[in-house]
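Engineer: turn this into a model:
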Amino acid sequence: AALAVGLDPCCGGLGQALPGPCFLAGRAEELPCGDASFDVVLSIEASHAYPNFDQFVEEAVRVLRPGGMLCWADLWGVEALGLDWKARDEAFRNPALVPVRDRDLSEGVFRAMKHPQGLPTLLAEAANIQTREILEAVIHNLTVFRLHLAAGKADYLMRQLRRR
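Structural biologist: Next up is the predicted model:
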């Protein structure tokens, strides 16, 4: 990419995301970028925290150039999050977007999470006195999500949609 732009509400968490990108403070539901200014909008494992998912999709459409791609992956259907999954699914049916690919990655994510060198293990190994408590909470949540995957009570989905 000629230019990569990272976005985060507090901007501090992006310091090591990519070499050389531009980092902006902001919200996915109010992208601080001009109309038709990007070829790709990428949202990975973040949209479950977007309070206004439909606004995120609208903003992605707004900033994508015609032919640009919205690439999204995240956990899905987790009841404990109290989200309106049907409304979120409907937001993807935006008339300006053409579905390109829909995949359920749940099985692969489940296998990766229980792998001996999976994310929970790596997080536990990385913990130190300052990060131990927060990483233990993250590991617990990952374990709960893995159990939801195993019970068929959650999914991990990936979607690619092209801007008309």
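
Engineer: shaky segments in the chain?
Structural biologist: Scanning the chain for pLDDT under 70 picks out the ranges 1, 11-20.

Engineer: if you set the cut-off to 90 instead, what comes out?
Structural biologist: Across the chain, the ranges flagged by pLDDT under 90 are 1-26, 80, 114.

Engineer: and the contacts of the lengthiest helix in the chain?
Structural biologist: For the chain, the helix that runs over the most residues, judged by DSSP state H, is helix 132-150. Contact with helix 132-150 is made by 75, 78, 80, 106, 109-110, 113-114, 119-120, 123-124, 126-127, 154-156, as judged by C-beta atoms under 8 Å, 6 or more residues apart in numbering. (Each C-beta comes from the backbone N, C-alpha and C, glycine too.)

Engineer: are any of these buried, and which?
Structural biologist: In terms of neighbour count (16 or more other C-beta atoms under 10 Å), the buried residues within these are Leu75, Val78, Ser106, Val109, Phe110, Met113, Pro120, Leu123, Ala154, Asp155, Tyr156.

Engineer: name the nearest of those relative to Ala28.
Structural biologist: Using C-beta to C-beta, Leu75 comes nearest to Ala28 of those, at 15.9 Å.

Engineer: quick one: that closest one from Ser47, how far?
Structural biologist: 9 Å (C-beta to C-beta, to the nearest Å).

Engineer: for Leu75, what are its contacts?
Structural biologist: Glu45, His48, Phe145, Ala154, Asp155, Tyr156.

Engineer: hmm, back to that, JSON lines for the buried ones among the contacts of helix 132-150, including secondary structure and distance to Gly26?
Structural biologist: As requested, the buried ones among the contacts of helix 132-150 are arranged in JSON lines below (DSSP: H, G, I helix; E, B strand; the rest coil; distance: C-beta to C-beta, whole Å):
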{"residue": "Leu75", "secondary structure": "strand", "distance to Gly26": "23"}
{"residue": "Val78", "secondary structure": "coil", "distance to Gly26": "25"}
{"residue": "Ser106", "secondary structure": "helix", "distance to Gly26": "30"}
{"residue": "Val109", "secondary structure": "helix", "distance to Gly26": "28"}
{"residue": "Phe110", "secondary structure": "helix", "distance to Gly26": "33"}
{"residue": "Met113", "secondary structure": "helix", "distance to Gly26": "30"}
{"residue": "Pro120", "secondary structure": "helix", "distance to Gly26": "30"}
{"residue": "Leu123", "secondary structure": "helix", "distance to Gly26": "27"}
{"residue": "Ala154", "secondary structure": "coil", "distance to Gly26": "28"}
{"residue": "Asp155", "secondary structure": "strand", "distance to Gly26": "28"}
{"residue": "Tyr156", "secondary structure": "strand", "distance to Gly26": "26"}
